[in-house]
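Trainee: Show me the folded form of this:
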Amino acid sequence: MATLSFNTTRMRTPSLPRISRSSSFTKPIKTHLSSSSKTLSKRSRFVSRSLPETKEETVIIKQEEEETVDDDPTSELSYLDPETDAESIKEWELDFCSRPILDSRGKKIWELVVCDASLSLQVTKYFPNNVINSITLKDAIVSITQDLGVPLPEKIRFFRSQMQTIITKACKELAIKEVPSKRCLSLFLWLQERYDTVYTRHPGFQKGSLPLLSLDNPFPMNLPENLFGEKWAFVQLPYSAVREEISDFEEKFVFGATLDLDLLGIDVDENTLIPGLSVASSRAKPLAAWMNGLEVCSIEADSTKGCLILAVGISTRYVYATYKKTPVTTDEAEAWESAKKASGGLHFLAIQDDLDSDDCVGFWLLIDLPPPPV
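Mentor: Got it, this is the predicted structure:
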């Protein structure tokens, strides 16, 4: 098993040196986060097919029948992987939004898209724009559980702040915990795939139509005191070691979050150094516990402002740390961002008791993923 090591003599490289430990968590600086244009490759796990027309036909459609079923862009989807234990699906990812498709009235069609992180569960339902409310959503969630024989989830993640009221109300009535988060990566990938292969082929598709509910990207705020660390450093870890750490994630870490690297299909060499940020604190465990409830999404090194931006939840952004701008520190920040781009946006956050420690208290695997086009 790989050992996480943040020792400067082992992690340092000429192209990505470590920033001085005098770097500090200080006052915020307003800045703009530019989204990555990197397009991630993805595995073909998405199902696209028509619904069964009779009650006798099973709603659990076998994978090997996929290519023989007519792919109708106007049809809905209700799929559960037959090899998956329905009771094991405890968290859903959900989007409820309009699509660049007009109905017979000339109004935009709305769509509910639901999946789990592994894409073993995939459901889509179309709705006219005059029935969009929490009751419709609640009934649709219940319908999914009845049609596919899956239990109500414990959590539902969603990434559109504009739909928070409707989603929250529907979830509360069903005793489901709603989680505003951009860590809906499987959903992001599926929406991109549906745009490319379904929406653009729909007879009502409107080319050039902008998303009705765009994603927020606000200026960063002051970092809450309970999230302050004491020291930080840019660090690196080989991709092969990252994969090993993730394979043992549940056994090694109480705090943190991982990603399905197979689903993301990131094509990098096993020896590629994945950039990360190590944060040290004498109160590492409480700090990691606080971070654990934030749905940490990504970190950006803004070399123009001399600061690090931490993105959490749906649209919350903090100035996580600042550093004195010099030619050396600017090169370091730019090299860190370049390394992140070279690894398909993959990066990580580690919280430690000490920067020289070989162990960490919390570990978050993160990725810069472009928002879906709808």
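Trainee: Spell out the secondary structure type for the closest residue to E300 other than its chain neighbours.
Mentor: Among residues not flanking E300 along the chain, I309 sits closest, at 4.3 Å (CB to CB, 6 or more residues apart in numbering). Where you see a C-beta, it was placed from the backbone N, CA and C, and this is true even at glycine. Assigned by DSSP: H, G, I helix; E, B strand; the rest coil, the conformation of I309 is strand.
Trainee: Beta-bridge partners for I309, please?
Mentor: Beta bridges link I309 to E300, V319, judged by DSSP bridges.
Trainee: Likewise for V179?
Mentor: Per DSSP bridges, the residues bridged to V179 are R157.
Trainee: count of residues packed around the residue nearest to T168 when sequence neighbours are not counted?
Mentor: Excluding the flanking residues, the one nearest T168 by CB to CB, 6+ apart is E178, at 4.9 Å. For E178, the neighbour count with other CB atoms under 10 Å is 17.
Trainee: Was I right to think E178 contacts T165?
Mentor: No: using CB atoms under 8 Å, E178 makes no contact with T165, being 10.4 Å away.
Trainee: so what sits against both of those two?
Mentor: Counting by CB atoms under 8 Å, 6 or more residues apart in numbering, E178 and T165 have no contacts in common.
Trainee: Any figure for the gap between the residue nearest to T168 and T322?
Mentor: In this view, E178 and T322 are 33 Å apart by CB to CB, to the nearest Å.
Trainee: Check P203 too.
Mentor: Here P203 is placed at a distance of 53 Å from T322 (CB to CB).
Trainee: And the two? Which one has more around it.
Mentor: T322 (18 against 8).
Trainee: by contact count, what packs against the top strand by length along the chain?
Mentor: Counting residues, the longest strand found in the chain (DSSP state E) is strand 91-102. Secondary-structure packing of strand 91-102 (3 or more CB pairs under 8 Å, 6 or more residues apart in numbering; DSSP states H and E): strand 108-115, strand 155-158, helix 164-173, helix 185-197.
Trainee: for the longest one, which positions count as buried?
Mentor: Put plainly, it is helix 185-197. Across helix 185-197, burial judged by 16 or more other CB atoms under 10 Å covers 185-195.
Trainee: Low-confidence bits of the stretch 201-350 of the chain, can you list those?
Mentor: Residues of the stretch 201-350 of the chain that meet the criterion pLDDT under 70 lie in 212-216.
Trainee: ranges for the helices of it?
Mentor: 239-247, 249-252, 261-264, 284-292, 327-342 (DSSP state H, counting those that start in this stretch).
Trainee: Same list (the ones you listed) but as CSV, adding mean neighbour count and distance to R160.
Mentor: CSV is the format used below for those (neighbours: other CB atoms under 10 Å; distance: least, CB to CB, whole Å):
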stretch, mean neighbour count, distance to R160
helix 239-247, 18, 28
helix 249-252, 12, 28
helix 261-264, 17, 21
helix 284-292, 19, 23
helix 327-342, 17, 25
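Trainee: which one of the helices and strands packed on strand 91-102 lies closest to A350?
Mentor: Nearest of the helices and strands packed on strand 91-102 to A350, taken as CB to CB: helix 185-197 at 19.9 Å.
Trainee: Show me what that closest one is packed up against.
Mentor: So helix 185-197, by 3+ CB pairs under 8 Å, 6+ apart, packs with strand 91-102, strand 108-115, helix 261-264.
Trainee: related to what we said a few turns ago, tabulate the helices of the stretch 201-350 of the chain (JSON lines), appending distance to P128.
Mentor: Shown next, in JSON lines, are the helices of the stretch 201-350 of the chain (distance: least, CB to CB, whole Å):
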{"stretch": "helix 239-247", "distance to P128": "43"}
{"stretch": "helix 249-252", "distance to P128": "43"}
{"stretch": "helix 261-264", "distance to P128": "33"}
{"stretch": "helix 284-292", "distance to P128": "40"}
{"stretch": "helix 327-342", "distance to P128": "42"}
